[in-house]
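S.K.: What follows is a protein structure lacking sequence information:
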């Protein structure tokens, strides 16, 4: 009997779920895809990156069904705005493709008046208005956008995430992921948030041990780039006030439960070390926020996938 219980527990912890995706996305049965609208404007680079970090892509009207869903979302949100699509020519002037590589010539589109005009010879990104009309615009402008994920027929999931790199540690009952691709503090914060997590916060000596052991699984030769490979960003910062280190949730390090810096740290070396990191020993260190290094994300276990499609409006 015990062996059967262990078997079912294993199936619960790591399973394959049909047609499931994140609960902050909503499903369209007509488009057979999941969508999420971002009302906070971003430039094209940040919009593309955010969608990618969430396991999606910046949406493009590649089919009549996707176009209809994008228009439906816009008209329920901000019909007066243009949004970025995933159609761009950032690699080669005039050679427009979607993020997925579909050429513009293979997409049935309607252009707004006087478009494409490549005004100022600097319009490499394509936007869409609430009527479904496209226009070329500067990629550096900021606009709302929609992320899109094609229907998943078989998604590997665990009690931590659909991302298999998150692992639950029973000592803290938290899930952790070590990112070997270096990012600066802002981008690291963004990556964790996109994964429905946050930069790791150490709340005890036990958790410091957990992160030290996690770090040890990634020797220097496994970390990418010419970076500091003896430390990784975690979730604390001086919040613009020198030496006032607090977690990204606003607690002092003492209030959070762990305030053990490496000898001689924090040092504010070559002034500007305002962001928090952990070194391989498990002790804390201050670091320049703009210099990319590895980082660690943390989240709580629990339900995070939607298995019953939610919908936008009545056109889905």
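M.R.: Right, received. Where do you want to start? Predicted, not measured: the structure shown is a model, and the values here were computed from it.

S.K.: all helices in this protein, in order from the N-terminus.
M.R.: Under the criterion DSSP state H, helices of the chain are mapped to 2-13, 44-53, 64-77, 185-194, 205-216, 253-256.

S.K.: Against which helices or strands is the second one packed?
M.R.: Packed against helix 44-53, as judged by 3 or more C-beta pairs under 8 Å, 6 or more residues apart in numbering; DSSP states H and E, are the following elements: strand 33-42, strand 57-58, strand 83-88, strand 143-150, helix 185-194. The C-beta positions use only the backbone N, C-alpha and C, and glycine is treated the same way.

S.K.: same for the second one, what does it pack against?
M.R.: Just to be clear, that refers to strand 57-58. helix 44-53, strand 83-88, strand 143-150.

S.K.: Return the most buried member of the helices and strands packed on helix 44-53.
M.R.: Most buried of these by mean neighbour count (mean count of other C-beta atoms under 10 Å) is strand 83-88; its value is a mean of 26.

S.K.: Pull the residues that contact it.
M.R.: Identification of contacts with strand 83-88 by C-beta atoms under 8 Å, 6 or more residues apart in numbering yields 42, 44, 47-48, 51, 57-61, 70, 74, 96-100, 104, 107, 124-128, 134, 139, 143-146, 148.

S.K.: quick one on the thing from earlier: so which of the helices of the chain is nearest residue 302?
M.R.: helix 2-13 (12.3 Å; C-beta to C-beta).

S.K.: for this structure, which residue is closest to the average position?
M.R.: residue 194 (2.6 Å; C-alpha atoms, centre = their mean).

S.K.: Please list all residues in contact with it.
M.R.: Residues near residue 194 by C-beta under 8 Å, 6+ apart: 50, 53-54.

S.K.: Relative to residue 177, how far out is the closest residue to it other than its chain neighbours?
M.R.: In space, and not counting its chain neighbours, residue 194 is closest to residue 53: 3.4 Å by C-beta to C-beta, 6 or more residues apart in numbering. To residue 177, residue 53 is 12 Å away according to C-beta to C-beta, to the nearest Å.
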